[in-house]
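Student: Test case, fold it:
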Amino acid sequence: NKGKLENRTIDACHVSGGLIGSVYCTNDTKALFENCSADNLTVGGGWFAGGLCGYTRNCQIDIIGEASGDNNTVFGINRIYTLAADSNNKYKMGPGGLIGNFESTRSLTVQNMDIKGGSLENVNNTSVGGVIAYTEGASTISLENVNVKNLDIVNTGADTSAIYSGGVLGYVSNASTVASFVDVSVISDTASEINGSLSAGGIAGYIKGTVTADGCYVKNYTVSSTGSNNGCGGLFGKTEAKMILKNSKFSDCVLRQGAATQSIGALAGLLQSNYINGYNIVINNTKITDTSGNPLTNTTVAGDIIG
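Tutor: Predicted coordinates for the structure are as follows:
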């Protein structure tokens, strides 16, 4: 608790974390990261990498920062990256701002954290998330008063066939997960980017389950995805969730469509199944272009709200 990672570089062959590489839990074990901060942190792993922890299994994870006025616990990232992937599990691997991979039927909570970049780099074929790259089996995911600032989420490898990229969460894979986002933002002062292959979103790349999003804000980002038959969205790239979206805003952003058959929209790129119900939602000063920044001329799946 109350640890600070300052000017640190951590590298490992497979799993790497700023504080802990892997956490395996049994019975009712909970891992608590309380008021853990970072400045100029670099973490690299072959498969999993996270600012706090690369890989977690069977744990309840609570990451609780300290709120003081308009400021939270600051987690400053220089670079977090993964270099390779197991071809059978590539979507489960990748870099996360705080956690790389969360595999558990228990809960995941993040509160009062400001994650500042720096960059998250997917070098070869994985998922990426500004807070968590991948979750499997989570009963609940709760994020409250969590802000991602000036963090670039980029793909630098040749093989990008299974990438889900999100400003907060890369891929939430369990249809039974109940997820809550309250006062969650992804904001840049420097026109940062989030790019993926299969799906990319300002909040989440690909999400399933039941979702309530209240007070989400994405501003001054370029969100792009290059894959066919998937989604590029201002808030959610691809969703199969039952979703309530309210009091949220997508502003001063660019959405870039990589293929004519890719769905693209300011709230969600691809609504695969289920529904989105919402109110008090603002979409302001948003452009939808091709990968070169030109207006779209050959597409049937672009929409101002949902692709």
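Student: quick one, phi/psi of K90?
Tutor: Backbone torsions of K90, given as degrees, to the nearest 10, read phi -60, psi -40.
Student: Starting from the helix or strand hosting K208, tell me the next helix or strand along the chain.
Tutor: According to DSSP states H and E, K208 maps onto strand 204-225. For strand 204-225, the following helix or strand on the C-terminal side (DSSP H and E) is strand 231-233.
Student: Okay, now the sheet partners of that next one, with direction.
Tutor: Here strand 231-233 has these sheet partners by DSSP bridges: strand 199-201 (parallel), strand 263-265 (parallel).
Student: Give me the contact list for it.
Tutor: Residues outside strand 231-233 that contact it (CB atoms under 8 Å, 6 or more residues apart in numbering): 199-202, 206, 223-225, 237-239, 255-258, 262-270, 272, 306-307. Quick note: C-beta positions are derived from backbone N, CA and C, even for glycine.
Student: Mind giving me the ChimeraX select for these, buried ones only?
Tutor: Selection of buried members from the contacts of strand 231-233 for ChimeraX, criterion 16 or more other CB atoms under 10 Å:
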select :199,200,201,202,206,223,224,225,237,238,239,255,256,257,258,262,263,264,265,266,267,268,269,270,272,306,307
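Student: about what we covered before: how about the CA coordinates for the strand holding K208, as CSV?
Tutor: Output in CSV follows, covering the C-alpha atoms of strand 204-225 (Å, rounded to 0.1, in the frame of the first residue of the first chain):
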residue,chain,number,x,y,z
ALA,A,204,-13.7,-0.2,-24.4
GLY,A,205,-12.7,-2.1,-27.5
TYR,A,206,-15.0,-5.0,-27.2
ILE,A,207,-17.5,-5.5,-24.3
LYS,A,208,-20.1,-8.1,-23.3
GLY,A,209,-22.4,-8.5,-20.3
THR,A,210,-24.6,-5.9,-18.6
VAL,A,211,-23.2,-2.3,-18.6
THR,A,212,-24.1,0.9,-16.9
ALA,A,213,-22.1,3.9,-18.0
ASP,A,214,-22.8,7.2,-16.3
GLY,A,215,-20.6,10.3,-16.8
CYS,A,216,-18.2,8.9,-19.4
TYR,A,217,-16.2,11.4,-21.4
VAL,A,218,-13.8,10.9,-24.4
LYS,A,219,-12.1,14.1,-25.8
ASN,A,220,-9.5,14.9,-28.3
TYR,A,221,-8.6,11.4,-29.4
THR,A,222,-8.2,9.7,-32.8
VAL,A,223,-9.8,6.3,-32.6
SER,A,224,-9.0,4.0,-35.5
SER,A,225,-9.4,0.3,-36.4
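Student: Columns distance to S107 and mean pLDDT on top of the strands paired with strand 231-233, output as JSON lines?
Tutor: Listed next are the strands paired with strand 231-233 as JSON lines, based on distance: least, CB to CB, whole Å; pLDDT from 0 to 100:
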{"stretch": "strand 199-201", "distance to S107": "23", "mean pLDDT": "93"}
{"stretch": "strand 263-265", "distance to S107": "30", "mean pLDDT": "89"}
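Student: any idea how far V182 lies from A204?
Tutor: 15 Å (CB to CB, to the nearest Å).
Student: Kindly report the same for N285.
Tutor: Applying CB to CB to N285 and A204 gives a distance of 22 Å.
Student: more neighbours, the two?
Tutor: A204 (36 against 11; other CB atoms under 10 Å).
Student: right, and that one touches T177 too?
Tutor: No - counting by CB atoms under 8 Å, A204 does not reach T177; the two are 11.4 Å apart.
Student: want to throw the strands paired with strand 231-233 into CSV with distance to P295?
Tutor: CSV is the format used below for those (distance: least, CB to CB, whole Å):
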stretch, distance to P295
strand 199-201, 20
strand 263-265, 13
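Student: Quick one: closest of those strands to S142.
Tutor: Closest approach to S142 among these (CB to CB): strand 199-201, 18.7 Å.
Student: For the closest one, what is the distance to the chain centroid?
Tutor: Counting by CA atoms, centre = their mean, to the nearest Å, strand 199-201 is centred 9 Å from the centre of its parent chain.
Student: ok but Y91 is inside a strand, no?
Tutor: No - using DSSP: H, G, I helix; E, B strand; the rest coil, the secondary structure at Y91 is helix, not a strand.
Student: okay, L32: pLDDT?
Tutor: At L32, the model reports a pLDDT of 93.
Student: Next up, the contacts around it.
Tutor: Shown in contact with L32 (CB under 8 Å, 6+ apart): 1, 62, 64.
Student: Can you tell me the closest non-neighbouring residue to the first one?
Tutor: The spatially closest residue to N1, leaving aside those adjacent along the chain, is E34, at 4.1 Å (CB to CB, 6 or more residues apart in numbering).
Student: same check, this time on I288
Tutor: Leaving aside its sequence neighbours, I288 sits nearest to L255 (CB to CB, 6+ apart; 4.8 Å).
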